[in-house]
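Q: my questions are about this predicted structure, shown below with the sequence.
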Amino acid sequence: MNPSTIGGINKLPEDEKRAIYARYIPKSLLERFNLPEADSQRLQSFMQFRFAPGSSDVEMSLYHEQNFPDPILYAHLTDTINGQIHILLYILNNPASQRFDVDKLPDGTPTRFGTLHRNLAAEQAALEAGLAPGQVRRGVRLLGDAIEAFEGFVTSLGHDMYFVEPLYYHNAVIFERYGFAYQMGKRLMDSIQAGFQPGGDISALLDGSTPFRQPDAGNGIRRRSWAIHDGILGEPFTNVTMYKRVGKHAGITTTPGCEW
């Protein structure tokens, strides 16, 4: 019987696990970096995994070249309590772009992408360079292809929907635009939209007291996200879970009229 969960896949022999998890690598990403096809054994030397037998989660890193410090694709997946696929973190990096050390302090201490500690100098540099919170490099602009590939992976496991945990405000907005709906957190997203309107409670806090709280930050998704990452809500951006039905667009937007 074919496995339908991460826990089930992790019970398989290593070569079988690797082959199944390679299914969600977008073909366009492999072509961009001249990597072997997903079903090729040669691709395995560019991939790193953490998928212990008996565990219900997997971490996969795909590199465009061996010994490069950052993967071009990183994904951390787990099972929901009902056996659905849940994306905890998904990152696409452009290795040719400048790196910003928002993921570590000057002494090397991990920041967990700014959720545990913050490297403020690196974050300000990333902000000024046009990056969003949590980005160490620019993306490769292949999210649409990545979602299509991931839905093929989900379908191959016998599912017609999957879940994702947006780590930052801008992630949730991007997922909306690719057809995701909210399992929880839509009320928070609506309140954030209202708060950033002229005269809103969040807008009133855009006082320029930090580089992340400039008065016009409410006019763009990316700068809103930086202000929220800076703590302008008075609490972390958490308790937002989204889901997508394979091949369907939910048509939800909590940021009408607001550009990136």
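A: Ah, there it is. All figures in this text were calculated on a predicted structure; none of them were measured in a lab.
Q: low pLDDT regions in the protein?
A: 1 (pLDDT under 70).
Q: mind listing the helices for it?
A: For the chain, the helices defined by DSSP state H occupy 6-9, 14-21, 27-32, 120-128, 143-156, 169-177, 186-195, 221-229.
Q: now those helices in JSON lines, with distance to His249?
A: C-beta here means a position set from N, CA and C on the backbone, and glycine is covered the same way. Formatted as JSON lines, the helices of the chain follow (distance: least, C-beta to C-beta, whole Å):
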{"stretch": "helix 6-9", "distance to His249": "26"}
{"stretch": "helix 14-21", "distance to His249": "26"}
{"stretch": "helix 27-32", "distance to His249": "20"}
{"stretch": "helix 120-128", "distance to His249": "30"}
{"stretch": "helix 143-156", "distance to His249": "11"}
{"stretch": "helix 169-177", "distance to His249": "9"}
{"stretch": "helix 186-195", "distance to His249": "16"}
{"stretch": "helix 221-229", "distance to His249": "19"}
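Q: same list (the ones you listed) but as a markdown table, adding distance to Leu77 and mean neighbour count.
A: Converted to a markdown table, the helices of the chain look like this (distance: least, C-beta to C-beta, whole Å; neighbours: other C-beta atoms under 10 Å):
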| stretch | distance to Leu77 | mean neighbour count |
| --- | --- | --- |
| helix 6-9 | 6 | 20 |
| helix 14-21 | 8 | 16 |
| helix 27-32 | 17 | 16 |
| helix 120-128 | 26 | 18 |
| helix 143-156 | 9 | 17 |
| helix 169-177 | 16 | 22 |
| helix 186-195 | 23 | 17 |
| helix 221-229 | 24 | 23 |
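Q: what's the closest of those to Met242?
A: Distance to Met242, taken as C-beta to C-beta, is lowest for helix 169-177 among these, at 5.2 Å.
Q: which residues are contacting the closest one?
A: With C-beta atoms under 8 Å, 6 or more residues apart in numbering as the test, helix 169-177 has contacts from 132-133, 143, 164, 166, 185, 189, 192, 221-222, 224-225, 228-229, 237, 240, 242, 244, 250, 252-255.
Q: same question, stretch 241-249
A: The contact list for stretch 241-249 (C-beta under 8 Å, 6+ apart) reads 147, 151, 154-155, 159-166, 172, 175-176, 178-185, 250.
Q: now the end-to-end length of that stretch.
A: For stretch 241-249, the first-to-last residue distance is 16 Å (C-alpha to C-alpha, to the nearest Å).
Q: what residues of it count as buried?
A: Met242, Tyr243, Lys244, Val246 (16 or more other C-beta atoms under 10 Å).
Q: tell me which of these fall in strands.
A: Counted as lying in strands by DSSP state E, out of those, are Met242, Tyr243, Lys244.
Q: leaving out chain neighbours, which residue sits closest to the second one?
A: Sequence neighbours aside, Phe163 is the residue nearest to Tyr243 in space, at 4.8 Å (criterion: C-beta to C-beta, 6 or more residues apart in numbering).
Q: residues touching the closest residue to Leu88 other than its chain neighbours, list them.
A: Counting by C-beta to C-beta, 6+ apart, Leu88 lies nearest to His76, which is 4.4 Å off, once chain neighbours are set aside. Each residue near His76 by C-beta under 8 Å, 6+ apart is listed here: Asp57, Val58, Glu59, Ile87, Leu88, Leu89, Tyr90.
Q: buried ones among those?
A: Asp57, Val58, Glu59, Ile87, Leu89, Tyr90.
Q: burial check on Ser23, number of neighbours?
A: Check again: residue 23 is Arg, not Ser. Arg23 is flanked by 16 other residues according to other C-beta atoms under 10 Å.
Q: beta partners of the residue nearest to Leu88?
A: Assessed by DSSP bridges, His76 has beta-bridge partners Glu59, Leu89.
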